[in-house]
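Enquirer: could you look at this predicted model? Sequence included:
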Amino acid sequence: MAKSKKFLKLAFISLLAVAMLAACGTNAEKTNGGGNEGAKNALETIKKRDKIIFGVKNDTRLFGLKNPSTGEVEGFDIDIAKALAKQILGDESKVEFKEVTSKTRIPLLQKGDIDAIIATMTITEERKKEVDFTDVYFKAGQSLLVKKDSPIKGLKDLKKGTTVLAVKGSTSSQNIREKAPEAKVLEFENYAEAFTALKSGQGDALTTDNAILYGMADEDPSYHIVGGTFTDEPYGIAVRKGEKELLDALNKALKTIKSNGEYDKIYKKWIKKDFSK
């Protein structure tokens, strides 16, 4: 009887060990993009999969916005991602887009759910501790969006009693607290919510990069951008730390589309108006 119990105990331990090894294998597959065992780095995984997965915004007009009639995400970031995929994999259709927000994009990248982030993401020293960035692909700067009849013309008008709307997890939220310490800052999950709040009178101004505000002013011409830019917000494409091969491939592709005219073509397609009037 004692021998039977000992045998059962050993059998249970063996089964437990097998289960743990299987779980580790599943996690490894997920990290490598879903079953690409043996892939040494993210670029190799992408090439084996024959597809690159980008994290993109779905709520940012002109950069990444889901078209309700087609269900497709459209914008500057989307077209740049397709152009980069064409350079790396030979076909612009070899891309998959997954929705991210300012708050979720780095966690999703680190989990391995996406290969790279192209989502109006400012290159900062703080973020460089968590991700690696490509060269700058868009030069932006933080500004203010207000109703055209608003008395607010710039930062100096953001005094005590005024409310500025911003998005959680964005550099603009941090910056406005430093630049206009007397103003109240009200944060939202995404830009669509923040703009809706501005239109419903929950705030006096909305702040983020001018590139994102362009889209809001394009959507509703009764709003415009004031005060110029008061920060430098260079956008970069983010990859996981240490993924040098993928970073080099993206930089090479970015350099190519800038030199062959493809970048300028995409820029003119999406960024074409003066939204300060």
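Expert: Cool, the structure landed.
Enquirer: what about this structure, any weak spots by pLDDT?
Expert: Within the chain, the segments meeting pLDDT under 70 span 1-39, 273-277.
Enquirer: tell me how it divides into domains.
Expert: 42-139+234-270, 142-231 (automatic domain parsing).
Enquirer: now render those domains as TSV, adding mean neighbour count.
Expert: Quick note: C-beta positions are derived from backbone N, CA and C, even for glycine. Compiled in TSV, these are given as follows (neighbours: other C-beta atoms under 10 Å):
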stretch	mean neighbour count
domain 42-139+234-270	19
domain 142-231	19
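Enquirer: quick one, what contacts T229?
Expert: 140-143, 210 (C-beta atoms under 8 Å, 6 or more residues apart in numbering).
Enquirer: for those residues, give me CSV that also has distance to L158.
Expert: As requested, these are exported to CSV (distance: C-beta to C-beta, whole Å):
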residue, distance to L158
A140, 20
G141, 17
Q142, 12
S143, 12
N210, 16
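Enquirer: tell me how far stretch 150-160 is from the chain's mean position?
Expert: Relative to the mean C-alpha coordinate of its chain, stretch 150-160 is positioned 29 Å out (C-alpha atoms, centre = their mean, to the nearest Å).
Enquirer: again, but for stretch 211-225
Expert: Counting by C-alpha atoms, centre = their mean, stretch 211-225 is centred 20 Å from the centre of its parent chain.
Enquirer: what is the end-to-end distance of stretch 221-230?
Expert: Length of stretch 221-230, first residue to last, C-alpha to C-alpha, to the nearest Å: 23 Å.
Enquirer: now the helices for the stretch 151-277 of the chain?
Expert: Chain-ordered helices for the stretch 151-277 of the chain, with DSSP state H, counting those that start in this stretch as the definition, fall at 171-179, 191-199, 210-219, 244-259, 262-270.
Enquirer: in this structure I118 contacts F54, no?
Expert: Yes. With contacts counted by C-beta atoms under 8 Å, I118 reaches F54, the gap being 5.3 Å.
Enquirer: which members of the contacts of T229 are the farthest-apart pair?
Expert: Checked with C-beta to C-beta, the contacts of T229 reach their widest spread between A140 and S143, with 9.0 Å between them.
Enquirer: need the residues touching each of these two.
Expert: By C-beta under 8 Å, 6+ apart, the residues touching both A140 and S143 are 209-210, 229.
Enquirer: can you add distance to E245 and give those back as TSV?
Expert: What follows is the shared contacts of A140 and S143, written out as TSV (distance: C-beta to C-beta, whole Å):
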residue	distance to E245
D209	29
N210	33
T229	35
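Enquirer: which of the residues you listed sits closest to K156?
Expert: Closest to K156, out of all of these and judged by C-beta to C-beta, is T229, at 14.8 Å.
Enquirer: for the closest one, give its distance to Y214.
Expert: In this view, T229 and Y214 are 12 Å apart by C-beta to C-beta, to the nearest Å.
Enquirer: so E74 sits against L62, correct?
Expert: No. When contacts are counted by C-beta under 8 Å, E74 is not listed as touching L62 (9.0 Å).
Enquirer: break down the stretch 101-250 of the chain into its strands, ranges please.
Expert: If DSSP state E, counting those that start in this stretch is used as the criterion, the strands of the stretch 101-250 of the chain fall at 116-117, 131-133, 138-140, 142-147, 163-167, 184-188, 205-209, 223-226, 233-235, 238-240.
Enquirer: report all helices and strands that the fourth one contacts.
Expert: Spelled out, it's strand 142-147. helix 171-179, strand 205-209, helix 210-219, strand 223-226 (3 or more C-beta pairs under 8 Å, 6 or more residues apart in numbering; DSSP states H and E).
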